[in-house]
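>>> Following is a predicted model, sequence given first.
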Number of protein chains: 2
Amino acid sequence: MQGIDYKMKRKDIDMDISTEKIAEMVKRAIIEMNSEATTSSKNSGGIPIGVSNRHIHLSQEHLEVLFGKGYELTPIKELSQPGQYACKELLTIVGPSMRPIENVRVLGPVRSASQVEISATDSYVLKVKPPVRESGKIKDSAPIRIVGPKGIVELDEGCIIANRHIHMSPSEAEIFGLKDGDYVDIDVNGKRRTRWFDVQVRVHKDFRLEMHVDTDDANAAGIGNGFIVTVAK
Amino acid sequence: MQGIDYKMKRKDIDMDISTEKIAEMVKRAIIEMNSEATTSSKNSGGIPIGVSNRHIHLSQEHLEVLFGKGYELTPIKELSQPGQYACKELLTIVGPSMRPIENVRVLGPVRSASQVEISATDSYVLKVKPPVRESGKIKDSAPIRIVGPKGIVELDEGCIIANRHIHMSPSEAEIFGLKDGDYVDIDVNGKRRTRWFDVQVRVHKDFRLEMHVDTDDANAAGIGNGFIVTVAK
């Protein structure tokens, strides 16, 4: 949760609103504070949000085209999902609009195929038409160009908008009564209350409980990293 | 609805998916086509979406500071709500980040107070912290600077993120069984299915049935202008 929220509440209360509305707002604020205080989410059934900004996964071949022969990724920060990390490397992406988006972070480790994950907002800037997809499913996805310091990669496919999904370990899945490949509806009690339908559940022993959404979803709902969401009843 | 959708569907069908999933996708595509074909939304209970990009309302005083003494707005396009229009005039807005956002459209007619409506995404670019508000309620909202060809306006307050709302005429409100100031939940059967809770209903004789959301909401749900949404049961 960002700072906007508290400011909004405090200032709205200064305005001419009914007692009923104030009661409703206080109730919701308490619910939000409680959900944020839940660090172990398992007991409450809460799921912490991880907001994915636009990013790039690279194959070793493309990494070397972009940064030079024999180049290796430089990890700078572990991500919440074990084994995944943000890298020092930043690239520029460009589409038919010729309006580049700069400083797009590379995530490691290298993969078998390169993939560029952007938001719908980005897609209008670039004028690309990526499908909404599960990460890794790039067949017939949108073309995009990646510009690096030593070369350019023209992907015929590989640009997607990631679907909304939840990572969980087998034991977490058991607590939720869910299995890999299930779809659930998620309630988001943020500044603009929202329900996300058809959220994909991914279960793997290396996963940690977290729901991944992109910046459009997070900004539309008025939430940020660590915000706690719940499975809709 | 933008072009992304059809492409996504066609290409997903190329992939290895079950008959059940194909049936579900076809069903949803038919529902979407039907809802788009509904030009008179009253019978189906559908409400067309109008996506509000960032924009500025100006007072006559500020218009003259920005464009010069005696300046008048130049209407170029009527908006869906009667009496409202987009103007030729574009301005630059800037906040504490000092990263300006250019080409922000002015909407007419002039108002008693200037107001800048942006998305949460814009707020992170500008580093401003606007409250989520009903248009016109600018008391203690965020400060922002507006740069024009002839001068700069420094607003102490006036920057907001507009709340989700529905315009309707009294007769439309009667059909929906709603009144001015009511709140409803709205289902959005777009590329990423979503429910928007607590959507404000505004009824006025000069209004025409339309739900206004910002670009974050539209992009998160994967919808565009004219997409038909429904009141959640």
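Thanks, I have it. Residues are numbered from 1 along each chain as shown, chains lettered A, B, ... in the order given.

>>> The nearest residue to A:G68 once chain neighbours are set aside and chain B: what is the separation?
Counting by Cβ to Cβ, 6 or more residues apart in numbering or on different chains, A:G68 lies nearest to A:K150, which is 4.4 Å off, once chain neighbours are set aside. Heads up, the C-betas are built off the backbone N, CA and C, glycines and all. Distance, A:K150 to chain B, by Cβ to the nearest Cβ, to the nearest Å: 28 Å.

>>> next one: A:E72
32 Å.

>>> SS state for the nearest residue to that residue once chain neighbours are set aside?
Take A:E72 and drop its neighbours on the chain: the residue closest to it by Cβ to Cβ, 6+ apart is A:L63, 7.8 Å away. In three-state terms, and counting by DSSP: H, G, I helix; E, B strand; the rest coil, A:L63 is helix.

>>> isn't A:L63 right up against A:R111?
No - A:L63 sits out of contact with A:R111 when judged by Cβ atoms under 8 Å, with a separation of 10.0 Å.

>>> Who has more neighbours out of the two?
Higher neighbour count among A:L63 and A:R111: A:L63, with 23 against 15, using other Cβ atoms under 10 Å in any protein chain shown.

>>> OK, contacts around that one?
A:71-73, A:106, A:110 (Cβ atoms under 8 Å, 6 or more residues apart in numbering or on different chains).

>>> Now with 7 Å, please.
Applying Cβ atoms under 7 Å, 6 or more residues apart in numbering or on different chains, one finds that A:L63 lies in contact with A:71, A:73, A:110.

>>> For the second one, which three-state class applies?
This means A:L73. Three-state secondary structure (criterion: three-state DSSP) places A:L73 in coil.

>>> and it, how far is that from chain B?
27 Å.

>>> pLDDT score assigned to the residue most central in space within chain A?
In chain A, the centroid-proximal residue (Cα atoms, centre = their mean) is A:S52; its distance is 2.7 Å. Looking at A:S52, its pLDDT is 96.

>>> Hmm, it is touching A:M211, no?
No - counting by Cβ atoms under 7 Å, A:S52 sits too far from A:M211 to count as a contact (10.4 Å).

>>> Which parts of chain A are strands?
Along chain A, counting by DSSP state E, strands occupy A:46-52, A:55-59, A:75-78, A:85-94, A:101-111, A:115-117, A:132-133, A:142-147, A:152-162, A:165-168, A:183-188, A:194-203, A:210-214, A:228-231.

>>> Indicate which one of those is closest to B:T194.
Closest to B:T194 of the strands of chain A is strand A:194-203 (Cβ to Cβ; 6.0 Å).

>>> tell me the angle that closest one makes with strand A:183-188.
Per axes from the mean of the first three to the mean of the last three Cα atoms, to 10 degrees, the angle that strand A:194-203 makes with strand A:183-188 is 130 degrees.

>>> Flag the shaky bits of chain A, pLDDT-wise.
A:1-44 (pLDDT under 70).

>>> Give the burial count for A:V201, as a bare number.
Using other Cβ under 10 Å, A:V201 has 19 neighbouring residues.

>>> Quick check: beta-bridge partners of it?
Beta bridges link A:V201 to A:I166, judged by DSSP bridges.

>>> give the contact list for it.
Per Cβ under 7 Å, 6+ apart, neighbours of A:V201: A:166, A:168, A:178, A:180-184.

>>> repeat that for 8 Å
For A:V201, the contacting residues are A:165-166, A:168, A:173, A:176, A:178-184, by Cβ under 8 Å, 6+ apart.

>>> Export the residues you listed as CSV, with columns for distance to A:I118 and neighbour count.
Formatted as CSV, the contacts of A:V201 follow (distance: Cβ to Cβ, whole Å; neighbours: other Cβ atoms under 10 Å in any protein chain shown):
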residue, distance to A:I118, neighbour count
A:H165, 16, 17
A:I166, 21, 28
A:M168, 25, 24
A:A173, 29, 20
A:F176, 30, 18
A:L178, 28, 17
A:K179, 30, 12
A:D180, 26, 13
A:G181, 25, 9
A:D182, 26, 15
A:Y183, 23, 14
A:V184, 25, 17
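
>>> Look up how far A:G50 lies from A:H165.
The spacing between A:H165 and A:G50, counted by Cβ to Cβ, to the nearest Å, is 10 Å.

>>> shared neighbours of the two, which are they?
Taking Cβ under 8 Å, 6+ apart as the criterion, A:H165 and A:G50 both touch A:211-212.

>>> hang on, the earlier thing: what is the neighbour count of the residue nearest to A:G68?
Neighbour tally, A:K150, other Cβ under 10 Å: 11.

>>> A:L90 now?
A:L90: 13 neighbours (other Cβ under 10 Å).

>>> What is the burial count for the nearest residue to it once chain neighbours are set aside?
By the measure of Cβ to Cβ, 6+ apart, the closest residue to A:L90 outside its immediate chain neighbours is A:N103, 4.7 Å from it. By other Cβ under 10 Å, 9 other residues sit near A:N103.

>>> repeat for A:E61
A:E61 has 13 neighbours, counted by other Cβ under 10 Å.

>>> what is A:V153 paired to in the beta sheet?
Following DSSP bridges, A:V153 is listed with bridge partners A:I146.

>>> Give me the neighbour count for it.
Using other Cβ under 10 Å, A:V153 has 21 other residues around it.

>>> got it, and A:D206?
Residues within reach of A:D206, counting by other Cβ under 10 Å, total 10.

>>> So it sits against A:G83, correct?
Yes - the criterion here is Cβ under 8 Å, and A:D206 meets it with A:G83 at 6.3 Å.
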